[in-house]
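**Student:** I need the structure of the sequence given here:
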Amino acid sequence: MANRRKTPDRNGESGPAAPDSVSSMLIQAQHHLQSGRLDDAETVLRRALSAAPRNVDALMNCAILAHQRGRSAEARGHLSVALDVDNGNPFLHHIMGEIEAADGNPAAAVASFDRALTRDANLPDSLFSRGNALAELGRRDDAIESFRQAVALAPRDAEAHLNLADLLSEMDQGEAALHHIETALTLQPDFLAAQVALAAHHLGSGAHPIAIEAYDAILARHPDLFEALLGRGRAALRSGKFEEAKQFLAAAHAQRPAVMPLLLDLGEVGLRLGHFDEARRRFEDAHRLDPESIIARVRLGAALRECDRLPEAKAHLEEALRREPDNAEAHCQMGVMLQRSGEFAAAVPYLGRAIEIDPRQTGPYSALAADRGRPVSDEVRERMQALVGEEDLRRDDRAELHFALGHIHDGAGDYDAAFAHFRAGNAIRDRDVPFDIALFGRFIDATCDVFTSALFDAAPSSGIDSELPVFVVGMPRSGTTLVEQIVAAHADAAGAGELSTIGEIAGGFEGAKPYPLSVADLDGETLASAGARYLDVLGSAAPGKRRVVDKMPNNFTHLGLIALMLPRARVVHCRRDPMDTALSCYLHNFGVGVRFSYDLEKIATYYRHYERVMAHWRKVLPLPVLDLQYEDLVADPEAQSRRLIEFVGLPWDDACLDFHSGGRPVKTASLWQVRQPVYRSSIGRWRNYEKHLAQLRHALDDGGTPDRPAATPTGSVA
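**Tutor:** Model prediction:
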């Protein structure tokens, strides 16, 4: 809690009468102090003190000046002499209390403020400073009482109301705090600290849109105010606007790079955006700043897990649990880590313990629901059902619970109940992180206009001859993870997961012209530099391999750029029945990058744009592309897997048929499924929900679906 109080005025009182010359010097010193000329003030005060060594006013002003200049021992010396002369002077005791508080001695400060108040009980500044010191000692009830007494003495003091509001907020007395914040603003409408406190109140109470509006109003007048940048970034983070959050939090971080909560927020943004290395670095900074922080260690473990550095992640999480055995988040993150490595049974006790410790934490419920191999207990399901109905539950937590409950009911065959939960979860997500489907359509228009046969014929060469990259693209939930796992099981290949690197490179080409219009101006050197950057990322993900799979599905929008940068790359295009694909997208609580999936009509429109651009690539793309139909792969896994491995240019490896037995960590919505052998149950799954999908089916049929192309192992898409 900030302490905004200053040394109180004496209301014209003074100690023993001083000679006229000393009085004149004190007046002159006050003038210098008010003008900010501290050196001149100190010179005059020393002359006054030399003339009258025991003059209380001279001693007190010398003490105040020494304190302001960081010379607390000297200040104490002056006050000791003054108190010897006039121990009944409350202001001297107050100043001693301020010095003790500044030196980190809150108990001694309280004692000094008590002595001041014993001599004069009507000193609001002493009551407030006493309240601050009591709060530091953890005596919050006593602190609030001290603040309330001060406000009663100074009801029109805006700072007084705000100091009381600060502590009430810390004690989760939000409504009482709001009253005093609003009172402070009524008394002083331009009180910046109170404006920030009001925005922070809205943020803390979950009124994120109101908080964003309040912070924006502050930043319009004070664009570099740290507290407003931090609060605005946090409001965006809690609203699911992760790119926006990153912008404001990064601006705050540039001002104060060593603030623990800010580093944790930046790490969280990195996790949410899928920028796992960046998240790891932020959490490492936080851990270095405070090695004893459990939350920094737990979050670092989570980021290391996402970077597939499981032994390091496990070590941090185990250490966190050793130091704090009842840390719910540490138990949850350990459970998720075990699931990622395929140890589903071992994960259950950790997730269960997380729920016991903190029944309102939604992550463990979601993780248990993701394990399709073992039903969630009735007790856990009932807890989830009760929690999802609680009014004060955060919107993103409510959405996560709806999706988890949907999967539980789906597993039990209660499809109507499941769809009701999926619809509720998607409605929340679509409102909080909307997707501009019209803008995406215009992007696809521009992509088709820019990447023509003529452009590829005339384009400069990057000169990169690497066959390392294999891009697996398509709609989400179309089998991209299955394909990656089959290839990654090969001794000479590896999977890098869903890399955001291509999208970041494309975004970096934004300049005078937006991407993709800017592509026409790229030269060979720029393309070579971008391709080398990508290969560095890919190579570091799997050193020593001949092929590495990047399974970012929406790279289908960037195949033209990929062809210019990496002309020997291979592309595997995963296809699946449109209705199964669309439904599967709708049933998963995707994060950033798949925001179109929260509305059935948007899914259908997105699907038609995807079909349209893939049809365009089929005509113009100079890269080898293999179309792989999910249903064919399930029907004849060996024949299709052999075809796949031949296409990527590797000799056959029997391990590719046993991909589900590998110990490689998995980061995907198909977390449980990819640990199983190829199975047929997901084919035609949409029929379980057929009565709810008339709108979707109509929208897909409206746009038309091109006939399935016959795949060719090399050359353009057939």
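
**Student:** okay, and for the stretch 551-700 of the chain, where does confidence drop off?
**Tutor:** For the stretch 551-700 of the chain, the stretches flagged by pLDDT under 70 are 591-593, 660-681.

**Student:** try 50
**Tutor:** Scanning the stretch 551-700 of the chain with the threshold set as pLDDT under 50 gives 669, 672, 674-676.

**Student:** ok, which stretches of it are helices?
**Tutor:** 559-565, 578-586, 600-620, 630-635, 637-647, 694-703 (DSSP state H, counting those that start in this stretch).

**Student:** Could you tell me the model confidence score at the nearest residue to Ala258 once chain neighbours are set aside?
**Tutor:** What sits nearest to Ala258 in space, not counting adjacent residues and going by Cβ to Cβ, 6 or more residues apart in numbering, is Leu289, at 5.9 Å. (Each C-beta comes from the backbone N, C-alpha and C, glycine too.) Leu289 is assigned a predicted lDDT (pLDDT) of 96.

**Student:** Help me confirm that Leu289 comes into contact with Pro261.
**Tutor:** No: contact criterion Cβ atoms under 8 Å: Leu289 and Pro261 do not qualify, at 10.7 Å.

**Student:** that older thread, make a markdown table from the helices of the stretch 551-700 of the chain and add mean neighbour count and distance to Asp141 to it.
**Tutor:** Listed next are the helices of the stretch 551-700 of the chain as a markdown table, based on neighbours: other Cβ atoms under 10 Å; distance: least, Cβ to Cβ, whole Å:
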| stretch | mean neighbour count | distance to Asp141 |
| --- | --- | --- |
| helix 559-565 | 24 | 63 |
| helix 578-586 | 23 | 51 |
| helix 600-620 | 20 | 52 |
| helix 630-635 | 18 | 63 |
| helix 637-647 | 17 | 68 |
| helix 694-703 | 15 | 57 |
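
**Student:** looking at the ones you listed, which is closest to Arg46?
**Tutor:** helix 559-565 (72.4 Å; Cβ to Cβ).

**Student:** if I look at Arg282, how far off is Pro257?
**Tutor:** Distance, Arg282 to Pro257, by Cβ to Cβ, to the nearest Å: 11 Å.

**Student:** Give me the more crowded residue out of the two.
**Tutor:** The residue with more neighbours, out of Arg282 and Pro257, is Arg282; 27 against 11, by other Cβ atoms under 10 Å.

**Student:** Work out for me the element the more buried one sits within.
**Tutor:** helix 276-289 (DSSP states H and E).

**Student:** between the helix or strand that comes right after that helix and helix 276-289, how many degrees?
**Tutor:** Sequence order places helix 294-306 as the next helix or strand after helix 276-289, per DSSP H and E. Per axes from the mean of the first three to the mean of the last three Cα atoms, to 10 degrees, the angle that helix 294-306 makes with helix 276-289 is 150 degrees.

**Student:** What is the helix or strand bottoming out on mean pLDDT in the chain packed up against?
**Tutor:** One helix or strand of the chain scores below all others by mean pLDDT, DSSP states H and E: helix 158-170, with a mean of 81. Contact partners of helix 158-170 among helices and strands, from 3 or more Cβ pairs under 8 Å, 6 or more residues apart in numbering; DSSP states H and E: helix 124-136, helix 140-153, helix 174-187, helix 192-204.

**Student:** what's near enough to touch the nearest residue to Leu623 once chain neighbours are set aside?
**Tutor:** Spatial nearest neighbour of Leu623, excluding adjacent residues (Cβ to Cβ, 6+ apart): Ala563 at 4.8 Å. Ala563 is in contact with 456, 569, 621-623, counting by Cβ atoms under 8 Å, 6 or more residues apart in numbering.

**Student:** at 7 Å instead, please
**Tutor:** 456, 621-623 (Cβ atoms under 7 Å, 6 or more residues apart in numbering).

**Student:** Now list the buried members of these.
**Tutor:** 456, 621, 623 (16 or more other Cβ atoms under 10 Å).

**Student:** For Leu700, state which of those is nearest.
**Tutor:** For these, the nearest to Leu700 is Leu621 (24.6 Å; Cβ to Cβ).

**Student:** That closest one against Leu559, yeah?
**Tutor:** Yes: Leu621 lies in contact with Leu559 (Cβ atoms under 7 Å); the separation is 5.8 Å.

**Student:** coming back round to it: can you convert the buried ones among the contacts of Ala563 into a markdown table and add a column each for distance to Tyr607?
**Tutor:** Converted to a markdown table, those look like this (distance: Cβ to Cβ, whole Å):
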| residue | distance to Tyr607 |
| --- | --- |
| Phe456 | 26 |
| Leu621 | 20 |
| Leu623 | 22 |
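
**Student:** Out of the helices and strands packed on helix 158-170, which one sits most buried?
**Tutor:** Comparing the helices and strands packed on helix 158-170 by mean neighbour count (mean count of other Cβ atoms under 10 Å), helix 124-136 comes out on top with a mean of 26.

**Student:** list the helices and strands it packs on?
**Tutor:** helix 90-102, helix 106-119, helix 140-153, helix 158-170 (3 or more Cβ pairs under 7 Å, 6 or more residues apart in numbering; DSSP states H and E).

**Student:** tell me, which of those is the model least confident about?
**Tutor:** Looking at these, the weakest mean confidence is helix 158-170, a mean of 81.

**Student:** Now do it against helix 192-204: the angle between them, please.
**Tutor:** Using the same axes, to 10 degrees: helix 158-170 against helix 192-204 is 20 degrees.

**Student:** Contacts for helix 158-170, please.
**Tutor:** 1-2, 4-5, 124, 128, 131, 135, 140, 143-144, 147-148, 150-151, 154, 176-177, 180-181, 183-184, 187-188, 191, 193-194, 197, 201, 204.

**Student:** repeat that for 6 Å
**Tutor:** 1, 4, 128, 135, 143-144, 147, 150-151, 154, 176-177, 180-181, 183-184, 187-188, 191, 194 (Cβ atoms under 6 Å, 6 or more residues apart in numbering).

**Student:** can you check stretch 92-111 too?
**Tutor:** Residues contacting stretch 92-111 (Cβ under 6 Å, 6+ apart): 7, 63, 67, 72, 75, 79, 82-83, 112-113, 115-116, 126, 130, 133, 136-137.

**Student:** ditto for stretch 513-529
**Tutor:** 446-447, 450, 460-463, 506, 509, 511, 564-565.

**Student:** taking these as a set, which two sit the farthest apart in space?
**Tutor:** Across those, the longest distance by Cβ to Cβ is 26.8 Å; it joins Ala446 and Gly463.

**Student:** Comparing those two, which shows the higher neighbour count?
**Tutor:** The residue with more neighbours, out of Ala446 and Gly463, is Ala446; 15 against 12, by other Cβ under 10 Å.

**Student:** element containing that one?
**Tutor:** Using DSSP H and E, Ala446 falls in helix 437-450.

**Student:** Save the helices and strands packed on helix 158-170 as a markdown table, and put in distance to Asp397 too.
**Tutor:** Converted to a markdown table, the helices and strands packed on helix 158-170 look like this (distance: least, Cβ to Cβ, whole Å):
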| stretch | distance to Asp397 |
| --- | --- |
| helix 124-136 | 30 |
| helix 140-153 | 28 |
| helix 174-187 | 19 |
| helix 192-204 | 16 |
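
**Student:** Of the ones you listed, give the one that comes closest to Ala41.
**Tutor:** helix 124-136 (21.6 Å).

**Student:** who touches the closest one?
**Tutor:** For helix 124-136, the external contacting residues (Cβ under 6 Å, 6+ apart) are 1, 3, 5, 8, 94, 101, 106, 109-110, 113, 116-117, 142-143, 146-147, 149-150, 153-154, 163, 167.

**Student:** what do you get for stretch 686-699?
**Tutor:** In contact with stretch 686-699 (Cβ under 6 Å, 6+ apart) are residues 415, 419, 579-580, 582-583, 600-601, 604.

**Student:** How far off centre is that stretch?
**Tutor:** Relative to the chain's own centre, stretch 686-699 is displaced by 35 Å; criterion: Cα atoms, centre = their mean, to the nearest Å.

**Student:** CA atoms only: put that stretch into PDB for me.
**Tutor:** Taking C-alpha atoms only, stretch 686-699 is exported to PDB below (Å, rounded to 0.1, in the frame of the first residue of the first chain):
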ATOM      1  CA  TRP A 686     -21.000 -35.300 -36.100                       C
ATOM      2  CA  ARG A 687     -24.100 -37.600 -36.400                       C
ATOM      3  CA  ASN A 688     -24.200 -37.800 -32.600                       C
ATOM      4  CA  TYR A 689     -25.000 -34.000 -32.700                       C
ATOM      5  CA  GLU A 690     -26.900 -34.000 -36.000                       C
ATOM      6  CA  LYS A 691     -30.100 -32.300 -34.700                       C
ATOM      7  CA  HIS A 692     -28.000 -29.400 -33.400                       C
ATOM      8  CA  LEU A 693     -26.000 -28.900 -36.600                       C
ATOM      9  CA  ALA A 694     -28.600 -28.000 -39.300                       C
ATOM     10  CA  GLN A 695     -27.200 -24.500 -39.500                       C
ATOM     11  CA  LEU A 696     -23.600 -25.700 -39.800                       C
ATOM     12  CA  ARG A 697     -24.500 -28.300 -42.500                       C
ATOM     13  CA  HIS A 698     -26.500 -25.700 -44.500                       C
ATOM     14  CA  ALA A 699     -23.600 -23.200 -44.300                       C
END
